[in-house]
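Asker: What follows is a predicted structure for the sequence shown.
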Amino acid sequence: MAALPFLPGNQFNPKVGSERFHKSHCFDYNNKVSGYVGFNKSGIGGDILPGHQPPAAYSQYPTGKGSSMPSWVAFDRQVLCFDAYCQQPVHEKREERSRVRRVMVYFFLEDDTIRVVEPKQNNSGLSQGDMIRRHRIHRPAPQDGTYFTMDDMNVGRVIVLYSKHFKLVGCDDFTRNFLTKIGKTVQQNEELPTDDYSKHRGAMLDSQQPLRPYEHYDTLKQFLDHDREVLRFYCVWDDTNNMFGEVREMVFHYHLADDTVELLEVYKPNCQRDTIPVFLHRTKLPKEPATVPHPGQQVSRTILNVFGPMGHGGRHILDNLKTGAEPVEYYHHSDLGIGRAVNIYGRRLLLCDADGFTRNFYGVEHEEPIQYRMDPVPAPPRPLPPHNDVGLQEDSVENCKNLVPKKLKKDFLKFYEKDRQGLTSHVLRFLAQLETKLPIDKDRRFVVSVFLSDDTVAVYEPPQRNSGIIGGNYLSRGRIVNPDLEPDPITHHDQFFTPEDFAVGRVMEFNKHKFLLLDADDYVFDYMEENSHEFPQSSISSIMATLRAEGMEREEEFRSAFGDGLSSGGKMESAEFRAILTGLVSRLIGHEIITIARFYSDQKVSGLKVDAVAATAQEQLKKVNFENFARLLEIFRYEDEARCGHLPRDDLHRLCRSFKVPLSREVLASLLDQCPRNDENDIDYQALVSAINWRQSPMPAGSNEAATTQHVLASFAYPDLGAAQSMPSSVDHERFLVDLFGS
């Protein structure tokens, strides 16, 4: 064929008779697993291209009934195990010429991988273990392009792995059953060949067996029974007889596993001693210690030289009689106990107490310990220097206590709960005046603000025209010391004013300035009445109990002072009610009287009226020349999908802020609260626009309410409480008398 010319008609087409002409692709199945073929893909029709080798085949297993599964699923964790050996030549050694190395050959059925492991032997001098790690192994030449499969594995065969010949001489039961089921004949297991070197090593080890000792020392049983069991005693060493001696505390440890003793010293703070961790290292403690023996003087065995030279060639035996041995008696756990003394190399230690395990070991759980510690002398009080009014007093105290002062811990939970939340300010504001004899200071009014988040106090003086006094911050916000309370005996901190100390009618001394609290806003009374368990001056039950204890014997006097109330329908003017009640019970403060009047009043104390709030709002809009009211009304109507003329309060507040109506948050909030509402609690937005339209509905310039509230809402942070009316207009004194004395 090669001699024929390469001309048409002189060559044969290898594709003649072929029915496969498909184009090869880069993805194929190998061992029933999809994968990437890559460069080794076949040609047209699946033919092998020149220079390429066919893909290595995996082991083929006979198919049975049922669904076919890939081998890596069907034979997962199934391994054929063979006993094998290989011979390793040994050069230039008299005892052996070759060495037989026993191995275990594992063939993994799931992926045809092989692993060879050599069991480890003692003192072999070989790096035994994994001889060949698990992977697929090529067959030797001329089949070096293929891998070992299951057909190559059987008892009696010789396999060549990396130029090493391994003969399979045996297998386990699973391997024999598996090979038999697939139709293979398995020979009987063969014996491993003998190894001359192994015989030599075995004989050498047998000749080195030690002789039986003369005496048997069994210390293992004691170790196993009492391992990690330690008796602990608390003891003292009285060294006061020596110069500069003192009573020193020790901890005595007795280890039951080997009858050893350990001594630790307890060091007190500032004892001016070097802190040595161990006073006596763990060792056996003799009862009568003599001089320290030299090395080799005290031994457990004595060797006698029978005859012959010293060293090699001599004959020696052990001295059974222990001639010349000096017996030493050591401390045993039976020699210890609470109240006993122990001699530790001339130092007498008294065992005073023991821990719970030691008491249970001796059975003395309820025995009283020996008192060896003196009562601690209390440290003298350390006086603190007075505060110099620079910074906080707590910081100054920490500087006096510690060289490196610690950061003060703030009550973050209280700050989180009592900080300002929306329109709830959590600030108690009182109207106050100075307690002074100076006529110029008697007419001055102050606003005392108490912040609930951190118990700080601020004093503000509203400016008054033609008063000759510049208003503003009278006292900056901070904590104020209560002069009526003594410093805390534990922390030595001064006691500060708290919100519970403030009430209408009380005199508060701030930095040697006395302020009389005249009145408060409605939020103060509402908050105190809601939290009456913290503010007893706003608890109606506590106040009525005080009045009952005061007026049970003066019922006629109370009724005659208030009258029967028939002429006025049971109502009385608040000023008259306050005057009568103050005259009858002098120890009632103004806050308690206001609480009674608010409780027995039919109407709530009304806040600022709509006209007053509208006047303030128009004044703010007029200053910035805001006139776009028609556009604002169009936005309200656009949001009103029901065309009812009313919108919720939150929607109106959002629209006003988005439209950038130049009103402060407080004025806008007060205006929305005072606007008329419907049954669904929605606000009439047309009335709102009409109230702030200073062009079409201007408020009178001389309105007393506008003049009163103009400054109040313009600076809501410091309102003028002089216009507040905490007392209701009338009080139902008849109902008050019925609750006080009964019907």
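Answerer: Structure received.
Asker: Residue 417 should be in a strand, yeah?
Answerer: No. Secondary structure of residue 417 (DSSP: H, G, I helix; E, B strand; the rest coil): helix, not part of a strand.
Asker: Mind exporting the C-alpha coordinates of stretch 526-542 to PDB?
Answerer: Taking Å, rounded to 0.1, in the frame of the first residue of the first chain, the C-alpha atoms of stretch 526-542 are listed here in PDB:
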ATOM      1  CA  ASP A 526     -50.000  67.000  84.000                       C
ATOM      2  CA  TYR A 527     -46.700  65.200  84.200                       C
ATOM      3  CA  MET A 528     -46.600  65.200  88.000                       C
ATOM      4  CA  GLU A 529     -50.200  63.900  88.200                       C
ATOM      5  CA  GLU A 530     -49.400  61.100  85.800                       C
ATOM      6  CA  ASN A 531     -46.300  60.100  87.800                       C
ATOM      7  CA  SER A 532     -47.800  60.800  91.300                       C
ATOM      8  CA  HIS A 533     -45.800  57.900  92.700                       C
ATOM      9  CA  GLU A 534     -42.600  60.000  92.200                       C
ATOM     10  CA  PHE A 535     -44.200  63.400  93.100                       C
ATOM     11  CA  PRO A 536     -46.200  63.100  96.300                       C
ATOM     12  CA  GLN A 537     -47.200  66.800  96.000                       C
ATOM     13  CA  SER A 538     -49.300  65.900  93.000                       C
ATOM     14  CA  SER A 539     -50.900  62.700  94.500                       C
ATOM     15  CA  ILE A 540     -54.500  63.500  95.300                       C
ATOM     16  CA  SER A 541     -54.800  60.400  97.500                       C
ATOM     17  CA  SER A 542     -51.800  61.400  99.600                       C
END
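Asker: how distant is it from the center of its chain?
Answerer: Distance of stretch 526-542 from its chain centroid, counting by C-alpha atoms, centre = their mean, to the nearest Å, is 39 Å.
Asker: Quick check: buried residues in that stretch?
Answerer: 527-528, 532, 535, 537-540, 542 (16 or more other C-beta atoms under 10 Å). All C-beta spots, glycine's among them, are computed from the backbone N, C-alpha and C.
Asker: Repeat that for stretch 468-481.
Answerer: 474-475, 479-481.
Asker: CA atoms of that stretch as PDB?
Answerer: Written as PDB, here are the backbone C-alpha positions of stretch 468-481 (Å, rounded to 0.1, in the frame of the first residue of the first chain):
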ATOM      1  CA  GLY A 468     -33.200  98.600  83.800                       C
ATOM      2  CA  ILE A 469     -32.200  94.900  84.000                       C
ATOM      3  CA  ILE A 470     -30.800  93.000  81.000                       C
ATOM      4  CA  GLY A 471     -32.700  89.700  80.700                       C
ATOM      5  CA  GLY A 472     -31.300  86.400  79.500                       C
ATOM      6  CA  ASN A 473     -29.600  83.400  81.000                       C
ATOM      7  CA  TYR A 474     -29.400  84.000  84.800                       C
ATOM      8  CA  LEU A 475     -28.000  80.600  85.600                       C
ATOM      9  CA  SER A 476     -26.600  78.200  83.000                       C
ATOM     10  CA  ARG A 477     -27.800  74.700  82.700                       C
ATOM     11  CA  GLY A 478     -26.100  72.300  85.200                       C
ATOM     12  CA  ARG A 479     -26.600  70.300  88.400                       C
ATOM     13  CA  ILE A 480     -27.100  72.400  91.500                       C
ATOM     14  CA  VAL A 481     -26.100  71.300  95.000                       C
END
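Asker: I'd like the mean pLDDT over that stretch, please.
Answerer: Averaging pLDDT along stretch 468-481 yields 88.
Asker: Go ahead and name everything in contact with that stretch.
Answerer: Stretch 468-481 has contacts (C-beta atoms under 8 Å, 6 or more residues apart in numbering) with 392-393, 440, 444, 446, 449, 451, 454-464, 494-497, 510-511.
Asker: Okay, and which of these map to strands?
Answerer: The strands, defined by DSSP state E, take in 446, 449, 451, 456-461, 510 from the contacts of stretch 468-481.
Asker: before we move on, the earlier item: between the buried residues of stretch 526-542, which is closest to residue 255?
Answerer: The closest of these to residue 255 turns out to be residue 535 (C-beta to C-beta; 66.1 Å).
Asker: Now that closest one: closest residue in space, sequence neighbours ignored.
Answerer: Using C-beta to C-beta, 6 or more residues apart in numbering and skipping the chain neighbours, the partner closest in space to residue 535 is residue 528 (4.1 Å).
Asker: Could you check which helix or strand contains the one you found?
Answerer: Secondary structure assigned from DSSP states H and E places residue 528 in helix 522-530.
Asker: residues in contact with the residue nearest to residue 535?
Answerer: Remark: with contacts taken as C-beta under 8 Å, 6+ apart, residue 528 is in contact with 428, 534-535, 537-538.
Asker: Relative to residue 444, how far out is the residue nearest to residue 145 when sequence neighbours are not counted?
Answerer: Spatial nearest neighbour of residue 145, excluding adjacent residues (C-beta to C-beta, 6+ apart): residue 53 at 5.1 Å. From residue 53 across to residue 444, the span is 110 Å (C-beta to C-beta, to the nearest Å).
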